[in-house]
Structure formats: C-alpha cells, structure tokens
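Visitor: sharing a model prediction with you, sequence too.
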Amino acid sequence: MYLCLENVKKSFKNKEVVKNLNLEVAKGEFLVLVGPSGCGKTTTLRMIAGLEEVSSGKIYLDGREITDLPPQDRDVAMVFQSYALYPHKNVFENIAFGLRIRKLPEREIRAKVEKTAAMLGLSDLLDRKPRELSGGQRQRVALGRAIVREPKLFLMDEPLSNLDAKLRVQMRAEIKKLQQDLGITVIYVTHDQVEAMTMGDRIAVFYEGELRQVDRSEEIYQKPVDTFVATFIGSPSMNLLPGVWDNERKIFRGEGFEVQLNLNLLSGEYILGIRPNQIKLGPDLPLKAFVAFSEYLGSEHYHHVLLGQQRLTVVTTESGYTGQEIKLAFPEKAVHFFARDTGRRVEVSYG
Ligand code: ADP
Ligand code: MG
C-alpha cells in the first residue's frame with residue numbers, strides 16, 4: 001500500500017480524539033474522509049502531514065516510515081479551507097513559493113509555475129494579488145501551490161467550504177478531473193456527504209474519532225455497517241424504526257404499525273432502516289399512513305408521514321399529499337436491519 005496508517009491514536013490531554021486508526025490508501029486513489037464536525041478528520045490529516053505528533057502508531061508513505069519525520073521531509077502537500085495564500089505576493093509568487101524554498105533555478109521555477117497555471121486556468125492572473133481574485137480563483141492558486149511541488153500525497157481539508165454552493169459544485173468536478181488527469185493520490189476531508197459520494201473512489205466514514213466504514217460509495221450506501229453510517233450518508237436520511245421481528249409470522253411490529261416482510265432473521269428486537277426514496281406508494285399497498293405535510297424541492301417532494309406513531313420521511317416525484325391518507329409498502333430488498341443495542345448491521349436472508 002502507498003499510504004498506510006497503523007494503529008494510529010491521538011489524545012489531547014486525556015481526551016482520545018483519534019482511536020486506533022488503521023487505514024490504507026492506494027497510489028492514485030482519491031479517498032474522502034467524511035464525518036461530522038469534531039470527529040477527528042483534521043487531526044488525522046495533520047498527523048499524516050507531520051503538523052501533529054501521533055500519540056502512538058505508525059505512518060508509512062511509499063514504502064518509508066514517516067511517523068517521526070518533520071513535515072518538510074515527508075513530501076506531502078496540504079491544501080486548506082482558508083487557502084493560506086500570501087496576501088502581498090502575486091499569484092506567480094504564491095505558486096512558486098515552495099520551489100523557491102527548494103532553491104530551484106529561476107528558469108525551472110518559471111516553467112513549472114507557468115505549466116501549473118495553464119492547467120488551472122490561471123495564466124492571465126499571474127500578476128494579481130490574492131485580494132484581486134474571486135474565491136474560486138484563490139482556491140485554484142492554493143491547489144496550484146500544492147501541485148507545482150509534485151508531492152507524493154495531497155491532503156485537502158474542506159478546501160471548498162468557503163465557496164458558494166454553485167462554485168462548490170463546479171470546483172468539485174474540477175478537483176476530481178485534475179486528480180484523474182495527473183494521477184495524484186489525494187486524501188480529501190469534508191463534512192459534506194454529497195461531496196464525499198460524488199468525489200471519492202472510496203469513502204472513509206469517521207465518527208467520534210473512530211473509522212466506522214471504509215468502502216466504495218455504492219457499498220456504503222447499500223450496506224452501511226451501522227445506524228450512524230446509515231443516517232449520515234444519503235439525503236434525506238434513512239428512516240430508522242425501532243421494533244420487534246417475529247420470524248414465525250414474518251412480521252415486524254413497530255410503534256403502532258406492523259409490516260409483513262418475506263425474509264429470514266432471528267426473532268428479536270431490531271431497528272428497521274429504509275431510505276425515503278425506496279418506500280413505495282400506491283392505492284393497493286398494505287401500510288396505511290398519514291401525511292402531516294409535504295415539502296416541494298423542485299424535482300422531488302419530501303413527505304413527512306405518520307405510520308402508527310412512527311414518523312417517516314418519504315420522497316416521491318408527485319406532490320400534494322398534505323393532510324391525506326396514503327398507502328405504503330417497504331420492498332424487502334430495500335429494508336436494512338440493525339441490532340437494537342449496538343446499532344450494528346444484521347444480515348438477513350430471503351426466500
Ligand atoms: P474535525 O476536523 O473532524 O472537525 P478535529 O480533528 O479538528 O475534528 O478535532 C477533533 C477533536 O479534537 C475535537 O474535539 C477538537 O476539539 C479536539 N482538538 C483538536 N485539536 C486540538 C488541540 N490542539 N488541543 C486540544 N483539543 C484539540
Ligand atoms: Mg476539521
């Protein structure tokens with residue numbers, strides 16, 4: 001493996017903020033680290049960059065242990081949310097900075113900076129100061145400064161979170177394309193699950209300092225390992241319904257409702273999970289529910305529904321259910337089960 005974190009832990013005073021992290025990243029891979037604010041993403045990046053010491057564990061990059069190397073000897077570049085550009089230097093000098101420190105010949109610096117600027121569409125802006133640039137252009141300069149150094153690894157910490165929604169979508173695609181064109185290895189941190197899903201070759205989901213699941217995005221969406229991952233990935237969130245499964249009668253009894261499901265699972269207490277867009281609606285379906293209100297989002301509608309005493313979100317392309325009774329069904333293959341006590345996924349069988 002190209003990058004390897006082995007039993008990496010980090011504590012600040014008595015608080016463990018990264019718990020026994022094992023993570024491998026292949027060369028040329030785009031790995032997204034995603035999780036809510038405060039779960040340890042930045043701390044993890046900073047340990048890889050050498051800006052923060054590990055409390056224990058080892059880090060390897062390209063066959064070499066880098067755990068105790070100073071940042072400048074790791075050949076790792078970090079791109080921050082705040083861009084961290086030098087306000088008094090122009091775009092050229094901002095991009096050139098790392099090369100000047102390495103004392104490269106002037107001709108080589110010029111060639112590298114110009115090539116990088118062309119790649120990022122910054123060729124006409126080389127004389128400008130950061131304050132004369134738009135947010136997106138500043139972000140490109142920050143990327144350029146990393147790219148021009150040709151590091152072994154790029155670490156990006158929420159690089160798009162200062163941009164407006166439209167520009168974020170555009171830059172998301174640009175960064176992904178750049179990564180593919182250059183074949184670079186990237187660890188990209190975000191708290192935005194949409195960014196994670198759209199950008200990552202693989203996604204590592206963090207929660208409270210713990211790596212909960214690392215997998216391809218489809219795997220994470222289709223087989224979340226626990227209720228945290230299930231509700232964090234996918235929007236709107238997966239519905240979670242506590243109840244009891246009776247395997248004799250093939251019935252899941254929740255709060256004021258019963259669902260018949262043709263599947264096999266040990267009888268007991270569970271949490272049933274179903275995504276809002278996978279619930280079926282139709283006049284002849286078995287579950288009677290009441291729509292408290294519906295929200296219009298343009299291409300789809302969110303319906304806030306009561307099934308017995310259980311609240312549910314249902315997403316459809318049709319509108320106008322507020323105050324009405326509707327009929328629902330849960331397709332067996334769309335239903336997830338989680339253990340009631342641990343929240344861990346439980347596999348079921350069919351037929
Ligand atoms: P994220 O980037 O996922 O939002 P961080 O890695 O920044 O999370 O922080 C993880 C936890 O570690 C938080 O509870 C934060 O308050 C704590 N933390 C981060 N840096 C320090 C520090 N230098 N000293 C003490 N606590 C810290
Ligand atoms: Mg952070």
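Guide: Great, that's in hand. Numbering: from 1, shown residues only. Ligands and ions are numbered 1, 2, ... in the order given.

Visitor: use CA for all of it now, contacts and neighbours both
Guide: Will do.

Visitor: what sits against P70?
Guide: Shown in contact with P70 (C-alpha atoms under 8 Å, 6 or more residues apart in numbering): G50, L51.

Visitor: and it, how far is that from ligand 1?
Guide: Here P70 is placed at a distance of 18 Å from ligand 1 (C-alpha to the nearest ligand atom, to the nearest Å).

Visitor: now do the phi/psi pair for that residue.
Guide: Main-chain dihedrals, P70, degrees, to the nearest 10: phi -70, psi 160.

Visitor: surely D215 meets A204?
Guide: Yes - using C-alpha atoms under 8 Å, D215 makes contact with A204 at a distance of 6.7 Å.

Visitor: looking at the two, which is more packed in?
Guide: Using other C-alpha atoms under 10 Å, the more surrounded residue of D215 and A204 is A204, with 23 against 17.

Visitor: what is the neighbour count of the closest residue in space to that one that isn't next to it in sequence?
Guide: Closest residue to A204 apart from its sequence neighbours, by C-alpha to C-alpha, 6 or more residues apart in numbering: V214 at 4.2 Å. Neighbours of V214 under the rule other C-alpha under 10 Å: 20.

Visitor: the host helix or strand of V214 - contacts with which helices or strands?
Guide: If you go by DSSP states H and E, V214 is part of strand 210-215. Where contact means 3 or more C-alpha pairs under 8 Å, 6 or more residues apart in numbering; DSSP states H and E, strand 210-215 is packed against strand 15-25, strand 202-207.

Visitor: comparing the ones you listed, which comes out most buried?
Guide: Compared across these, strand 202-207 shows the largest average neighbour count, a mean of 24 (mean count of other C-alpha atoms under 10 Å).

Visitor: each with direction, which strands does that strand pair with?
Guide: Next to strand 202-207 in the sheet, as set by DSSP bridges, lie strand 30-34 (parallel), strand 210-215 (antiparallel).

Visitor: just to revisit the earlier point, can you redo the helices and strands packed on strand 210-215 as CSV with mean pLDDT?
Guide: Formatted as CSV, the helices and strands packed on strand 210-215 follow (pLDDT from 0 to 100):
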stretch, mean pLDDT
strand 15-25, 97
strand 202-207, 97
